[in-house]
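1. got a predicted structure here, sequence first:
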Amino acid sequence: MDTISPESDAPVPSRSLSGYTVGVTAARRADEFSALLTRRGAAVLHAPAIVLIPLADDAELERVSREIIANPPDVVVATTGIGFRGWLEAAEGWGVAEELHAALQSARLVARGPKATGAIRAAGLRESWSPSSESSSEVLERLLEEEVEGLRVAVQLHGATTEFEPLPDFSEALRHAGAEVLPVPVYRWSPPDDQSAMDTLITAVVNGTVDGVSFTSAPAVASMLGRAKETGLLEQLLSGFRAQVAALCVGPVTAGPLEALGVPTTAPARSRLGALARHIEEELPRRARVFPAHGHKIAVLARAVVVDGEVRHLAPSMLTLLRELARQPGRVVTRETLLASLPGHSADAHAVEAAIGRLRTGLGDPKIVQTVVKRGYRLAVDLGVDDPEESGDKY
């Protein structure tokens, strides 16, 4: 999994995410990450996706650890630094730290990346090899090349076995090659008992009322996908991500379950919390479309509209009308189409006129929305801009 190391976050000179709404699925360090976003002006919709089971309380991890002590493996694969450190700390609580250290010392230690390598060395141990790519697939390829038939291989896992987390394939490939695999279940998790916040976030993605959702672990992704499937909203959730809501991941491992389902994701170059916050700060404004209308620049966000850099919070029905007008900026939208988009399914044509009046007031300039006699309404897109998508303007 992607591991998140501490990283200082430089002072943020401007509230560059003002008007944007970002879903945060993190459980660990959620307050810290939310603060990084709110300092940039974002509204945060927090929905913790998982509850981590404390390693010291994990009976299965203790059982496996004692098995490793009794019969040390030939190879140990360490996949994350924080998981390896937590494992050794839990062993101290069980009173078997020295015995586990001796068992690991007798094995060949393979580290997936520099963080796992650092944790191994900090424990007074030494890795035999680590790939420069930090890729689990490269670790697997190396082990299979060296042949593992007849060997006992302990593999540090994380999370829970779900259809959305394919990590068990790593162990299965080793078994097919003739190895006896001992899964070491660090980072075990379960969904929260109360999933109302997650249900709210899933609905927000489906309805497009959130600009992006941040993920800091593959288990968080798997938990959200599992909950959406359980509530019958999986396809709608995936469609929301594919069409309009940004899936913002801390790294490629976290993005894996979404990419496998055809959801485009973005991630910073480094798997760090501060780097992800800065990535969101750059990515969301880059994705926003700006419409030049009646001398103004307008960006329609999930829960707000930005007019000439000023955030304006409109009632949901007003935003719904604006989104209809913004689907094809400058094109006429009929009264019937606008009426159908309003909540309540009113049959009164005057409801559209009243709603347009409130929208004009909310935008601050009534001329941004033009009336086209006997046809409907349009955004007053400036002349000379045939396709606002090609104008190059981004908010």
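-> On my side now, so go ahead. The shown structure was predicted, so the numbers you read here are calculated from the model rather than taken from an experiment. Numbering: from 1, shown residues only.
2. low-confidence ranges, the stretch 51-200 of the chain, go.
-> Low-confidence segments of the stretch 51-200 of the chain (pLDDT under 70): 158-163, 165-168.
3. mind doing that once more with 80?
-> For the stretch 51-200 of the chain, the stretches flagged by pLDDT under 80 are 53-57, 133-134, 158-169, 187-188.
4. what are the buried residues along stretch 68-86?
-> Across stretch 68-86, burial judged by 16 or more other C-beta atoms under 10 Å covers 68-69, 72-73, 75-86. Glycine gets a C-beta too; all of them are placed from N, C-alpha and C.
5. same question for stretch 294-311.
-> For stretch 294-311, by 16+ other C-beta under 10 Å, it's 294, 296-307, 311.
6. can you check stretch 237-248 too?
-> 237, 238, 240, 241, 244, 245, 246, 247, 248.
7. and if you look at stretch 35-53?
-> So stretch 35-53, judged by 16+ other C-beta under 10 Å, has buried residues 36-37, 40-50, 52-53.
8. likewise for stretch 362-376?
-> Buried, per 16+ other C-beta under 10 Å, within stretch 362-376: 362, 363, 365, 368, 369, 370, 376.
9. surely the second one touches residue 305?
-> Think residue 363. Yes - under the criterion of C-beta atoms under 8 Å, residue 363 makes contact with residue 305 at 7.0 Å.
10. got any residues that touch both of these two?
-> Contact criterion C-beta atoms under 8 Å, 6 or more residues apart in numbering; residues bridging residue 363 and residue 305 by contacting each: 298, 312, 322.
11. quick one: residues contacting residue 68.
-> The contact partners of residue 68, taken as C-beta under 8 Å, 6+ apart, are 100, 103, 104, 154, 182, 184.
12. of the buried residues of stretch 237-248, which belong to helices?
-> Secondary structure from DSSP state H places 237, 238, 240, 241 of the buried residues of stretch 237-248 in helices.
13. of these, closest to residue 133?
-> residue 241 (26.8 Å; C-beta to C-beta).
14. and that closest one, how far is that from residue 314?
-> Relative to residue 314, residue 241 is positioned 24 Å away (C-beta to C-beta, to the nearest Å).
15. and residue 127, by the same measure?
-> Taking C-beta to C-beta, one finds residue 127 at 56 Å from residue 314.
16. same thing with residue 36?
-> For residue 36, the distance to residue 314 equals 27 Å [C-beta to C-beta].
17. how about residue 35?
-> 27 Å.
18. which residues touch whichever strand or helix holds residue 143?
-> In the assignment (DSSP states H and E), residue 143 maps to helix 136-146. Residues from elsewhere that reach helix 136-146, judged by C-beta under 8 Å, 6+ apart: 75, 77, 79, 110, 112, 129, 131, 153, 167, 170, 173-174, 177, 253.
19. beyond that helix, next helix or strand please.
-> strand 152-157.
20. chain center to that next one: distance?
-> Offset of strand 152-157 from its chain centre (C-alpha atoms, centre = their mean, to the nearest Å): 28 Å.
21. got a list of contacts for it?
-> 64, 68, 71, 73-80, 83-84, 87, 107, 143, 167-168, 170-171, 174, 179-187.
22. at 6 Å what do you get?
-> 68, 73-79, 83, 171, 174, 179-186 (C-beta atoms under 6 Å, 6 or more residues apart in numbering).
23. so which of the residues you listed are in helices?
-> 68, 83, 171, 174.
24. and those, which is closest to residue 281?
-> residue 83 (29.2 Å).
25. ok, and the closest non-adjacent residue to the closest one?
-> residue 186 (3.9 Å; C-beta to C-beta, 6 or more residues apart in numbering).
26. in what helix or strand does the residue nearest to residue 38 when sequence neighbours are not counted lie?
-> Spatial nearest neighbour of residue 38, chain neighbours left out: residue 44 (6.0 Å); criterion: C-beta to C-beta, 6+ apart. Using DSSP H and E, the element containing residue 44 is strand 43-46.
27. so what's the residue count around residue 341?
-> A count of nearby residues for residue 341, using other C-beta atoms under 10 Å, gives 17.
28. please apply the same query to residue 292.
-> There are 20 residues near residue 292, going by other C-beta under 10 Å.
29. which SS class is it?
-> The three-state label given to residue 292 by DSSP: H, G, I helix; E, B strand; the rest coil is strand.
30. list the beta-bridge partners for it.
-> Beta-bridge partners for residue 292, by DSSP bridges, are residue 297.
31. re earlier: of the ones in helices among the buried residues of stretch 237-248, which is the nearest to residue 265?
-> For those, the nearest to residue 265 is residue 241 (8.5 Å; C-beta to C-beta).
32. I'd like to know how far the residue nearest to the closest one when sequence neighbours are not counted sits from residue 226.
-> Closest residue to residue 241 in three dimensions, ignoring its sequence neighbours and counting by C-beta to C-beta, 6+ apart: residue 263, at 4.5 Å. Plainly put, residue 263 is 15 Å away from residue 226 if you go by C-beta to C-beta.
33. what about the closest residue to residue 58 other than its chain neighbours, how many residues nearby?
-> Nearest residue to residue 58, sequence neighbours excluded (C-beta to C-beta, 6+ apart): residue 188, at 5.9 Å. Neighbours of residue 188 under the rule other C-beta under 10 Å: 20.
34. check which residues of stretch 339-357 are buried.
-> Quick answer for stretch 339-357 (16+ other C-beta under 10 Å): 339, 341, 342, 351, 352, 355, 356.
35. and the residues you listed, which of them are in helices?
-> 339, 341, 351, 352, 355, 356.
36. for these, give me TSV that also has pLDDT and distance to residue 272.
-> Putting these into TSV (pLDDT from 0 to 100; distance: C-beta to C-beta, whole Å) gives the following:
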residue	pLDDT	distance to residue 272
339	91	48
341	87	41
351	86	50
352	89	49
355	91	45
356	93	46
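37. for these, work out which two are farthest apart.
-> 341 and 356 (11.9 Å).
38. what secondary structure does residue 85 sit in?
-> helix.
39. about what we covered before: tell me which of the buried residues of stretch 35-53 is nearest to residue 212?
-> Sorting these by how near they are to residue 212, with C-beta to C-beta, puts residue 42 at the top with 9.1 Å.
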